[in-house]
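1. below is the sequence, then the predicted model.
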Amino acid sequence: MANKPSIPKGTRDFLPEQSLKRQFIFDTARSIFQLYGYQPIETPAMENLETLTGKYGDEGDKLIYKIQSGKNLREQLGEEKTVALDAVYPDWLPQKSDRALRYDLTVPFARFVVQNQNELSFPFKRFQIQPVWRGDRPQRGRYREFYQCDVDVIGSNGLLNEAELLCIVSEVFENLGLGDIQIRLNNRKILSGIANVAGLGNYFSEMTVAIDKLDKIGVEGVKKEMIARGLPAQGVKKALDHISRKADSETVLRMLSGSLIGDEEGQRGIDEMRKTLRALPEVVREKVEIDLTLARGLNYYTGAIIEVGHEKFPSSICGGGRYDDLTGIFGLKDVSGVGVSFGADRIYDLMEDLDLFPKTLSASSDVLFINFGEKESLACMELAMKLRSDKFSAEVYPDAAKMQKQMKYANSRGFRFVILIGSQEMDDKSATVKDMNTGDQQSVRFDDLNKFVFDKLGAE
RNA sequence: GUGGUUGUAGCUCAGUUGGUUAGAGCGCCUGAUUGUGGUUCAGGAGGUCGUGGGUUCGAGACCCAUCUUCCACCCCA
């Protein structure tokens, strides 16, 4: 082998054991999504570049993976003519890119809805479990290729949707064994109201970016950052006074309602928040906390914003919100949506740290037939088929390899039973069945094999 | 994108101020046990020290570049 093969930075291979754990997360999410009536869809890994650009903010745009496609100018013009141009624009000529790998599942979903609107009935509830790509620097919990599990409902303004999504969030994590998460809820309209009242209406995005770091760098840190970004000091102080209030949600909302008098948008936000909370079943409501510092960078959110964190994990493991006009960009007006996205890979890392995956996931097969030669192995093929008809997993070792090698394979793969059928057993029409846990072995008639395995496995 | 960090056997890691032939544990292979794994014992294979340059009589170690790992920032699932 000349050079060791490798994979791109920030991507990973998954061994069977890891893959099973990942499947567990996907399966858990999928079953909850379906329980709430969401339907699966899939979209292509790549989108036209123009579909994605401008949707994620300046920072996001930089992280979109562009795919070189179409004919670049060098090919069109020929090597000779490009030499001069090359000197002036060194990275312009070779790059012609009009496609890109998807950055998330929400924007492609908006595109999907617009494109397929005639086939869908609204409100349309879908889920989607697929990989996305970001040209980020890899770090713990951040990869360049990772899976998102998205649930969205589009074509409905009702706040019952927000409530339902919070229920889903709660149930998915409960089912994964991650009951001790923090679900934080905020509303962009409230933030907007605070900005207006504080006289920071023109600095909305600067303000949100800064206050989002409040739990990390503290009030003073945020103040410094906002002033460094050029916000008027007076407004900064005012805004921070509103935001850094701590109390139970009803009290916070009442106080906010007082301070945002006269600001229509802010009042609407408060009202939405109230209605959302009121719609939550008690078991879910007690897990949701209002966090006025929650901002979220994605600029398409217009109402509720949701984020889920865990104290043992540095970044959010799930997030989402309401977007009033994402489809508008693609030509379909007045269709509002809400959704959340579960970061499967971050959830995986966290669950691995906390040792939360069920032990039974290390799925081992039930039965291995030792291969003693052609004639014997053919009998094994028949018996294996019969075992599988009763849903026992069974394999026949493919080569008549040394016994020791076959037994070692059985051991490392974790088979529960090894079945030996050599010339002796062929004559007797009964198999030697070895229990790999105890080491015991006994003779079982071919006809009684299924029942034997059933009794043994059923007893545990 | 900015700053730092890591890379030695299949895996986890030792390797002194630069100095002969680069080590350990685990795993793997062979045998004790030619129809019995996991335990035990004996033996064995496996490394151009991430890659490419450079300094030096001499580089796994020092310098530069590049790739990769992890971390902080930015941002985010």
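-> Received the coordinates, thanks. Numbering: from 1, shown residues only, chains lettered A, B, ... in the order given.
2. state the distance from A:M407 to A:L420.
-> For A:M407, the distance to A:L420 equals 10 Å [CB to CB, to the nearest Å]. Every residue, glycine included, has its C-beta placed from N, CA and C.
3. what's the answer for A:D180, then?
-> For A:D180, the distance to A:L420 (CB to CB) stands at 49 Å.
4. the more surrounded of the two?
-> More crowded of A:D180 and A:L420, by other CB atoms under 10 Å: A:L420, with 21 against 11.
5. pLDDT score for that one?
-> For A:L420, the model assigns a pLDDT of 96.
6. next: A:G297.
-> A:G297 is assigned a predicted lDDT (pLDDT) of 68.
7. what does A:E80 give?
-> 60.
8. again, but for A:M226
-> Listed pLDDT for A:M226 reads 88.
9. secondary structure element holding it?
-> Element membership of A:M226 [criterion: DSSP states H and E] is helix A:214-228.
10. that helix: what's the following helix or strand?
-> Assigned by DSSP H and E, the successor of helix A:214-228 is helix A:233-243.
11. mind giving me the packing neighbours of the longest helix anywhere in chain A?
-> In chain A, with assignment by DSSP state H, the single longest helix is helix A:16-35. On a contact count with 3 or more CB pairs under 8 Å, 6 or more residues apart in numbering; DSSP states H and E, helix A:16-35 meets strand A:124-133, strand A:145-154, helix A:160-176, helix A:344-354.
12. tabulate the ones you listed in a markdown table, adding columns for mean pLDDT and distance to RNA strand B.
-> Converted to a markdown table, the helices and strands packed on helix A:16-35 look like this (pLDDT from 0 to 100; distance: least, CB to the nearest atom of the strand, whole Å):
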| stretch | mean pLDDT | distance to RNA strand B |
| --- | --- | --- |
| strand A:124-133 | 98 | 8 |
| strand A:145-154 | 97 | 4 |
| helix A:160-176 | 98 | 11 |
| helix A:344-354 | 93 | 4 |
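13. Provide the secondary structure category for the residue nearest to A:G177 when sequence neighbours are not counted.
-> Computed as CB to CB, 6 or more residues apart in numbering, the closest residue to A:G177 that is not its neighbour in sequence is A:L356, at 4.3 Å. Here A:L356 is recorded as coil under DSSP: H, G, I helix; E, B strand; the rest coil.
14. now A:L356: phi and psi?
-> Main-chain torsions, A:L356, degrees, to the nearest 10: phi -100, psi -10.
15. wait, doesn't it sit right on A:N175?
-> No. Applying CB atoms under 8 Å as the test, A:L356 and A:N175 come out as separate, 11.1 Å apart.
16. where does chain A dip in pLDDT?
-> Across chain A, residues meeting the criterion (pLDDT under 70) sit at A:1-3, A:70-96, A:297, A:362-363, A:459-460.
17. centroid residue for it?
-> With distances taken as CA atoms, centre = their mean, the residue of chain A nearest its centroid is A:Q148 (2.7 Å).
18. touching, that one and A:V132? I think so.
-> Yes. Counting by CB under 8 Å, A:Q148 touches A:V132, with 5.5 Å between them.
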